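[1] below are the sequence and a predicted model for it; my questions follow.
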Amino acid sequence: MVSKLLDSGPSLGFPGLNLSLSQFSVPEGTTVNVTCAAGARVQVMLDGVPATAPGQPVQLQLNATENDDRHSFFCSAILEVDGEFLHKNTSVQLHVLYGPKIDTAKRPQSLMWKERPIYVLQCQARGNPDPQCLQEGSSQQVPVGTPFLVKLNHRGTYYLQATTLRIHTT
């Protein structure tokens, strides 16, 4: 038994491998359909789940959540030709846009810093796109999670700016 690995490009005797998402970038809560398909005699597998028979596609449907952001779906195909097994693989990544989430238990209401010590600012939130921590009156981002030397120009109020993008589909 001989086995050859092919990339996802065209080759003689091996029908095209197709991995598709109904949408590549979606707001959370959107239903996404994932399909892995190839030619008539090809056995395909999507994220480790095989098709019911050669020539049949594998389909997956999911309700996108923030945990699905940057998830890579993997599609593989095997075709036997004259005793040789030909393999093809491809993958695609899903991007999920989700709203900002702030952990209020970790958000200090007021802090007093002395000048000169090293401090790590804990201005954090989750979201896609990433939220930003800004000093009031400035449009520059503040270093978050990185130690910095506190100076007089750091005095002031800091705020968290988070944006939710909307995707328009037709």
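    The structure has been received and is ready for your questions. Numbers count the residues shown, from 1 in each chain.

[2] contacts only, for Gly48.
    Phe74 (C-beta atoms under 8 Å, 6 or more residues apart in numbering). (Glycine included, C-beta is placed from N, CA and C.)

[3] for Gln23, see how far away it is.
    Using C-beta to C-beta, to the nearest Å, Gly48 is found at 23 Å from Gln23.

[4] can you pull out the low-pLDDT segments for the protein?
    Along the chain, segments meeting pLDDT under 70 span 1-15, 100-117, 119-126, 129, 140, 142-146, 148, 162-170.

[5] domain-wise, how is it divided?
    Domains of the chain are assigned by automatic domain parsing as 2-98, 102-161.

[6] if you compare the ones you listed, which one is most tucked away?
    domain 2-98 (a mean of 16; mean count of other C-beta atoms under 10 Å).

[7] give the bridge partners for Ala77, please.
    Judged by DSSP bridges, the bridge partners of Ala77 are Val44, Lys88.

[8] with Leu60 instead?
    Val34.

[9] against Arg155, how distant is it?
    Taking C-beta to C-beta, one finds Leu60 at 52 Å from Arg155.
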